[in-house]
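Q: When you get a sec, could you give me coordinates for this:
(one chain, ligands or ions: 1)
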Amino acid sequence: MQIDIISCVPALLESPFSHSILQRAQHKGIVQVHVHDLRDYAINKHGQVDDYAFGGGAGMVLMIEPIARCIEDLKSERDYDEIIYMSPDGELLNQKIANRFSLLKNIIILCGHYKGVDERVREHLITREISIGDYVLSGGELAAAVLADSIIRLVPGVLSNETSALSDSFQDDLVAPPVYTRPAEFNDWQVPDVLLSGNQRLIDEWREEQSVVRTQQRRPDLLDEDSSTS
Ligand code: SAH
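A: Here you go, the predicted structure:
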């Protein structure tokens, strides 16, 4: 899988892909992440990629020309399954969307900044709009990193034990059971006996039960059938 991220502040995307699971995914050759500086496609030698909004008002808007040229450049190299714009009014990201995107081959993620992008970009150049939540960030970079992370960890081979993604929250419309590690006792706080029993069948049953109880307590909406169709 190749993920191309277009940003006018590419430095914001350096760290998320340079450590831990996301870095290993790239080193293993399973996923390639390329960050493209929108300023390389600026309309003039001053690196201009934004301008004042028509109609006035505070805040700059990312121009269509640099974005169109960058996307054109990328599309001349390969076909893309989706060209995604990160936007607070987009489709709300969830595990089902991440699962579906993890099956794709090539995607572009466009990060907005300031007031956003010229609306014609959204109308004509992109195929999907994704939000990471009902709040507004300064730019799409952190949102793009969240989206890319949620996708990459699901690509087969990225996590050393594939079942570890399957047992995470939301995969079966359930949240994950609690986990513990050594020591078995700390300040008189005990790890549940069953986890120390060595009986894998009982442990699996306990985990499943805990998942259901936790989902009922914390996210009963997940157990509501209508919410599992999106
Ligand atoms: N004026 C816009 C917000 C612009 S915020 C509005 O009110 O809707 C600047 C950029 O940050 C956006 O273009 C988008 O790319 C990104 N962004 C902000 N909040 C986001 C969110 N919740 N999810 C995804 N991207 C977001």
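Q: just the helices in this protein please.
A: Shown for the chain, the helices assigned by DSSP state H span residues 20-27, 64-75, 95-101, 119-124, 141-152, 163-166, 193-196, 200-218, 220-223.
Q: which one of those helices lies closest to the ligand?
A: The ligand sits nearest to helix 141-152 of all the helices of the chain, at 3.5 Å, using Cβ to the nearest ligand atom. Glycine gets a C-beta too; all of them are placed from N, C-alpha and C.
Q: Not counting that closest one itself, show me its contacts.
A: Applying Cβ atoms under 8 Å, 6 or more residues apart in numbering, the contact partners of helix 141-152 are 1, 3, 5, 7, 9, 12-13, 16-17, 21-22, 25, 31, 33, 84, 86, 93, 95, 98, 101-102, 109, 111, 130-132, 137, 158.
Q: So for the protein, the centremost residue is which one?
A: The centre of the chain sits closest to L147, judged by Cα atoms, centre = their mean, with a distance of 1.2 Å.
Q: Against P178, how distant is that one?
A: Counting by Cβ to Cβ, to the nearest Å, the gap from L147 to P178 is 27 Å.
Q: same deal with L196?
A: Distance of L196 to P178, given as Cβ to Cβ: 14 Å.
Q: hang on, the earlier thing: quickly, which of the helices of the chain bottoms out on average pLDDT?
A: Least confidently modelled of the helices of the chain is helix 163-166, at a mean of 78 by mean pLDDT.
Q: Determine the set of other helices and strands touching it.
A: Packed against helix 163-166, as judged by 3 or more Cβ pairs under 8 Å, 6 or more residues apart in numbering; DSSP states H and E, are no other helices or strands.
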